[in-house]
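Student: Pasting the sequence and the predicted model now:
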Amino acid sequence: MKNRNEGATPAPVAETRERPTLKTIAFMTGLGITTVSRALKDAPDIGAETKERVRMVARQLGYQPNRAGVRLRTGKTNVIALVLSIDEEIMGFSNQMVFGISEVLSNTPYHIVVTPHSHSKDPMLPIRYILETGSADGVIISRTEPDDPRVRLLVEQNMPFATHGRTDCGLVHAYHDYDNEAFARQAVERLVQRGRRRIALLQPPSKLTYYTHTRDGFLSALHQAGAEEVPLRVTIDSPLADIRDAVEALMRSKDAPDGFICSAGSGAIAVNAGIEAAGKHVGRDLDLVSKQSIPILNWIRPEIITASEDVREAGRELASAVIARIDGAAPEQLQSVSLPVWPDDEK
């Protein structure tokens, strides 16, 4: 029997105005809709040549499965929601997180949907929205608090999730974290090795879990070295202009520190600006240590001592953890902590 499409010239892809469907691919390939569907699902009874032909046409058409249809058939959205703060994103943190998650999801049926929010707003709002609308199969959250109400709600609703950061609420859940206690302790040690004894810390806000981790490492290292803290009234959540002004005022005072530690790369830029506004110079009058998620601080001021936080790797760990939770893995098996990486560690 002659194929109904034999000899016909298919319309150029650019002229396809409606969203391509399985029917569109079937028409373009001369195959049945059921065969096309099974080929895209890598069914074992469909030949490799047929699968490749179907996939090539699907790519050329820009075909994407109809999520509404998938949801009706399976009850799944194939969506992972990343709830991410949009405040003062100038050091690539969010981008690196998204890149890492996307690297893992690219080999799965899942897609990432970023749900932006401001840390000045109610953090429960995006979580309630996701749960009430059923718009995701799993959730990733950051900026965790010791007794985080988002974690409690997600556990109660049996929603697969992972957190960037730990909690202290007695609930077992998947997480990936950075060892901020080790960072702060090692930062003090590096400053003390350079003869610095009066050290100021630009720390996280006290409501976040890693505030305690950072303070514990900082204070224990100060005590061991016999060094002292110079209080700084701003945090990494303060507007950058406020950080700069506070540091300038502190550097002009009689209590000026000879060392700074920054818990965020963007804050380090403001700290350095305040130091220079006071007529001082990093690497000469004092030393500055900071975390960074992308290697940019040393372009601004080579004398800044930096420790790397691999946020892209954090994204990969979190995406893998959420998918594993969706598949039924126990949360206690999906917990990891990365260590700070210093330049001398990479040699």
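Tutor: Sure thing, it's come through. Numbers count the residues shown, from 1 in each chain.
Student: C-terminal to the lowest-mean-pLDDT helix or strand in the chain, what's the next element?
Tutor: The helix or strand of the chain with the poorest confidence is helix 67-74; it has a mean of 54 (mean pLDDT, DSSP states H and E). For helix 67-74, the following helix or strand on the C-terminal side (DSSP states H and E) is strand 79-85.
Student: Now the helix or strand that comes right after that following strand: buried residues?
Tutor: Using DSSP H and E, the helix or strand that directly follows strand 79-85 along the chain is helix 93-105. Buried residues in helix 93-105, counting neighbours by 16 or more other Cβ atoms under 10 Å, are found at 93-94, 96-98, 100-102, 104-105. For glycine as for every other residue, the C-beta is placed from the backbone atoms N, C-alpha and C.
Student: Would you map the helices across the stretch 1-150 of the chain?
Tutor: Taking DSSP state H, counting those that start in this stretch as the test, the helices found in the stretch 1-150 of the chain are 22-29, 33-40, 48-61, 67-74, 93-105, 124-133, 149-156.
Student: Just the C-alphas of the fifth one, formatted as CSV.
Tutor: Provided in CSV are the C-alpha atoms of helix 93-105 (Å, rounded to 0.1, in the frame of the first residue of the first chain):
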residue,chain,number,x,y,z
PHE,A,93,24.5,32.8,43.2
SER,A,94,21.0,32.2,41.7
ASN,A,95,22.4,31.6,38.2
GLN,A,96,24.8,29.0,39.5
MET,A,97,22.1,27.2,41.4
VAL,A,98,19.8,27.1,38.4
PHE,A,99,22.6,25.8,36.1
GLY,A,100,23.4,23.0,38.6
ILE,A,101,19.8,21.9,38.9
SER,A,102,19.3,22.1,35.1
GLU,A,103,22.3,19.9,34.5
VAL,A,104,20.6,17.1,36.5
LEU,A,105,17.1,17.6,35.1
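Student: shift numbering so it begins at 29
Tutor: Got it, first residue is 29 now, which makes that one helix 121-133.
Student: Next, the angle from that helix to strand 107-113.
Tutor: Interaxial angle of helix 121-133 relative to strand 107-113 (axes from the mean of the first three to the mean of the last three Cα atoms, to 10 degrees): 170 degrees.
Student: Quick one: mean pLDDT over helix 121-133.
Tutor: Taken as a whole, helix 121-133 has a mean pLDDT of 90.
Student: Packing partners of it?
Tutor: strand 107-113, strand 139-145, helix 339-354 (3 or more Cβ pairs under 8 Å, 6 or more residues apart in numbering; DSSP states H and E).
Student: between that helix and helix 339-354, how big is the angle?
Tutor: If you take the same axes, to 10 degrees, helix 121-133 sits at 50 degrees to helix 339-354.
Student: next one: the longest one
Tutor: Following the same axes, to 10 degrees, one obtains 120 degrees for the angle between helix 76-89 and helix 339-354.
Student: Could you check the angle helix 76-89 makes with helix 50-57?
Tutor: Interaxial angle of helix 76-89 relative to helix 50-57 (the same axes, to 10 degrees): 110 degrees.
Student: Also the second one?
Tutor: Helix 61-68 and helix 50-57 are oriented at 90 degrees to each other (the same axes, to 10 degrees).
Student: got a list of what the residue nearest the centre of the chain touches?
Tutor: Nearest to the mean C-alpha position of the chain, counting by Cα atoms, centre = their mean, stands M125 at 3.0 Å. M125 makes contact with 110, 112, 170, 192, 339-340, 342-343, 346, according to Cβ atoms under 8 Å, 6 or more residues apart in numbering.
Student: Buried ones from these, can you make that a PyMOL selection?
Tutor: Applying 16+ other Cβ under 10 Å to those leaves a buried subset, and the PyMOL line that selects it is:
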select buried, resi 110+112+170+192+339+340+342+343+346
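Student: Is it possible to get a markdown table of the contacts of M125 that adds pLDDT and distance to L159?
Tutor: Output for the contacts of M125, formatted as a markdown table (pLDDT from 0 to 100; distance: Cβ to Cβ, whole Å):
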| residue | pLDDT | distance to L159 |
| --- | --- | --- |
| L110 | 95 | 15 |
| L112 | 86 | 17 |
| S170 | 93 | 18 |
| H192 | 96 | 19 |
| V339 | 93 | 26 |
| R340 | 94 | 28 |
| A342 | 96 | 24 |
| G343 | 96 | 23 |
| L346 | 98 | 19 |
